[in-house]
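Trainee: The following block contains a protein sequence and its predicted model.
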Amino acid sequence: MNAPRSIQASPMVSGAAVISPSPRNTPTPRVLERRKRGMGAKAAPNRAFAHLPTLQEQQLTRNSKRALGVISAATAVLALCAGPAMADPGAYRPLAGAGSDTTQYVLGGLGEAISIGGAKVIGSYDAIGSATIQTRAAGPSFVRPNGSGNGVKALTASINPTGAYLWNGVEITGQLDFARSSSGPSTAGDDLTYIPFAKDAVTYAFSDAGNASVPAQLTVDDLAAIYRGQVTTYQDNNGVTRAYIPMLPQAGSGTRSFFLQKIGVAESEIGWITSIVQENDGQEVDAIGEIVPFSVASWIAQDNDVVPNTVNDNAVTTGAIDDDMYGVVPAVEFGLLNPDFPITRQVYNVVQTSRLTSEAPADVLLQQTFAGAESAVCGATATITAYGFGVIADCGDTTTYRSGYVVP
């Protein structure tokens, strides 16, 4: 990773970035007590944590101890939080963004935690909510971009390099500054830069129905066979044969594209799947046999009641993945992402590449916020981990991940 270049702040954005506690949901005493004990069971047990062998318990404990400094800081952030989880920003802010469902809450948290020049600068608009959003006081209302792919397409329409791009029939030139993306670049070119800021993992989720549940451990090959329709049933713990019901997030979801890529299944192979749901929404997983890709960071944040919780009502839990007989669980004690989980990914904020070298005041503000290891976002590690994500060594890298425009 290249060292961050020196940025000369203009008067309008002068001053060091200030990172303050994010006013999201305060953990309840029950949740804080569960953190002290580790990720204990709720009303329905998380089968992914049940009956781990002693050696694996020891490994998880070692991972947890390494992360205790991080979780202590994250708990301090959350303990000072107040009020319900926010959705769209309550006021127009200089840097407007939209896109990924997976990172909508952590970006919202960063928007509340980070101030530059005495003002909050990140205005992150959720993937779901009202049908339209308005990001500038004098700007148009336009269709809310839902998912990583749609976020990047909307950003391209906002940059509007040809002067002819529209977003769902509306000209939105200048209305977005960044896109949230939970998947990396997929198009050749240098027009857009994907700036990594955290680590996530993706596994499968299911409703814990006790002995009737989907297996709590599967291999990558198992998942590929299920999503190709080659394996359609499983035998539950009572010896009953039950049908798998594979589900997928909506088109344009970064979680969907990443999951399929990691299990080696092409979009052309999943046309038979009819259960298409909003990603990371546990309310959609309510029947025995249903199985769906799920962001581990999102599950952790929901399970700890840091963000609106959709996983409790249906006892939605996460599966272990590995060829080892014991599998690797996606989260360790204290609600932390397991660094040894086999399917991990970086998550990104996507910006126009040319703005990273511009000296225009608005572009300098963009750089101070997202670019380089010393950026405001990369400095907000307590907020990042509080939302279930892991920290990464190349946070703020602006040279590695590039793509061309993605035409809306």
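Mentor: Everything's here; your move.
Trainee: Just the helices from the protein, written as ranges.
Mentor: For the chain, the helices defined by DSSP state H cover 29-37, 54-66, 68-79, 104-113, 148-159, 220-228, 254-263, 296-303, 361-370, 376-379, 381-386.
Trainee: Which strands or helices does the last one pack on?
Mentor: Applying 3 or more CB pairs under 8 Å, 6 or more residues apart in numbering; DSSP states H and E, we find helix 381-386 packed against helix 68-79, helix 104-113. No exception for glycine: its C-beta is placed from N, CA and C like everyone else's.
Trainee: Mean pLDDT lowest where, among the ones you listed?
Mentor: Sorting the helices and strands packed on helix 381-386 by mean pLDDT places helix 68-79 lowest, at a mean of 43.
Trainee: give the contact list for the residue minimising distance to the centre of the chain.
Mentor: In the chain, the residue lying closest to the centroid (CA atoms, centre = their mean) is residue 102, at 3.0 Å. Counting by CB atoms under 8 Å, 6 or more residues apart in numbering, residue 102 touches 148, 180, 182, 200, 254, 255, 279, 280, 295, 297, 298, 347.
Trainee: which of those sit farthest apart?
Mentor: Pairwise distances across these peak at 14.3 Å for 148 and 297 (criterion: CB to CB).
Trainee: If you count surrounding residues, which of these two has more?
Mentor: residue 148 (32 against 29; other CB atoms under 10 Å).
Trainee: who's in contact with that one?
Mentor: If you count contacts by CB under 8 Å, 6+ apart, then residue 148 has 99, 100, 102, 179, 180, 181, 182, 183, 252, 253, 254, 257 around it.
Trainee: Tell me the most packed of the residues you listed, by neighbour count.
Mentor: residue 100 (36 neighbours).
Trainee: distance of that one from residue 268?
Mentor: According to CB to CB, to the nearest Å, residue 100 stands 24 Å off from residue 268.
Trainee: Then residue 101?
Mentor: Distance from residue 101 to residue 268, counting by CB to CB: 24 Å.
Trainee: Those two: who's more crowded?
Mentor: With neighbours defined as other CB under 10 Å, residue 101 and residue 268 compare such that residue 101 has more, 27 against 6.
Trainee: Now do the same contact list for the more buried one.
Mentor: Residues counted as contacts of residue 101 (CB under 8 Å, 6+ apart) are 126-128, 146-147, 182, 249, 253, 255, 278-280, 298.
Trainee: for residue 238, same thing?
Mentor: Applying CB under 8 Å, 6+ apart, the residues contacting residue 238 are 211, 212.
Trainee: Please apply the same query to residue 398.
Mentor: Listed by CB under 8 Å, 6+ apart, the contact set of residue 398 reads 2, 193, 195, 356, 371, 372.
Trainee: Just the closest of these to residue 284, please.
Mentor: Here the nearest of those to residue 284, counting by CB to CB, is residue 195; it sits at 30.6 Å.
Trainee: Isn't residue 316 up against residue 285?
Mentor: Yes. With contacts counted by CB atoms under 8 Å, residue 316 reaches residue 285, the gap being 5.0 Å.
Trainee: who touches both of those two?
Mentor: 205, 206, 207.
Trainee: Quickly note the distance from the first one to residue 213.
Mentor: This points to residue 205. As judged by CB to CB, residue 205 and residue 213 stand 11 Å apart.
Trainee: So which of the two has more stuff around it?
Mentor: With neighbours defined as other CB under 10 Å, residue 205 and residue 213 compare such that residue 205 has more, 29 against 21.
Trainee: where in the stretch 201-350 of the chain is pLDDT low?
Mentor: Scanning the stretch 201-350 of the chain for pLDDT under 70 picks out the ranges 325-326.
Trainee: hey, where'd the strands end up in it?
Mentor: Listed in chain order, the strands of the stretch 201-350 of the chain (DSSP state E, counting those that start in this stretch) span 217-218, 233-235, 241-243, 245-249, 275-277, 290-295, 316-318, 320-321, 331-332, 336-337, 344-352.
Trainee: List the strands paired with the fourth one, with their directions.
Mentor: In this case it means strand 245-249. strand 275-277 (parallel), strand 290-295 (parallel) (DSSP bridges).
Trainee: What lies in contact with that strand?
Mentor: Against strand 245-249 from outside (CB under 8 Å, 6+ apart): 101, 147, 226-227, 255-256, 270, 273, 275-280, 284-285, 287, 289-293.
Trainee: Ok, the third one next?
Mentor: Contacts with strand 241-243, where a contact means CB under 8 Å, 6+ apart, come from 212, 232, 233, 234, 235, 236, 288, 289.
Trainee: ok, now which ones touch the nearest residue to residue 88 once chain neighbours are set aside?
Mentor: The shortest distance from residue 88 to any non-neighbouring residue, by CB to CB, 6 or more residues apart in numbering, is to residue 125 (4.9 Å). By CB under 8 Å, 6+ apart, residue 125 lies in contact with 88, 89, 96, 97, 98, 133, 135, 144, 145.
Trainee: ok, now residue 345?
Mentor: 182, 183, 184, 199, 200, 201, 202, 258.
Trainee: quick one: residue 309 from residue 107, how far?
Mentor: 19 Å.
Trainee: which one of these two has more residues nearby?
Mentor: Neighbour count, other CB under 10 Å: between residue 309 and residue 107, residue 107 has more, with 26 against 18.
Trainee: isn't the more buried one right next to residue 122, touching?
Mentor: Yes. Counting by CB under 8 Å, residue 107 does reach residue 122; the two are 6.6 Å apart.
Trainee: Next one: the residue lying farthest from the centre of the chain from residue 147, what distance?
Mentor: Seen from the C-alpha centroid of the chain, the residue lying at the greatest distance (CA atoms, centre = their mean) is residue 239, 36.6 Å away. Taking CB to CB as the measure, residue 239 falls 40 Å from residue 147.
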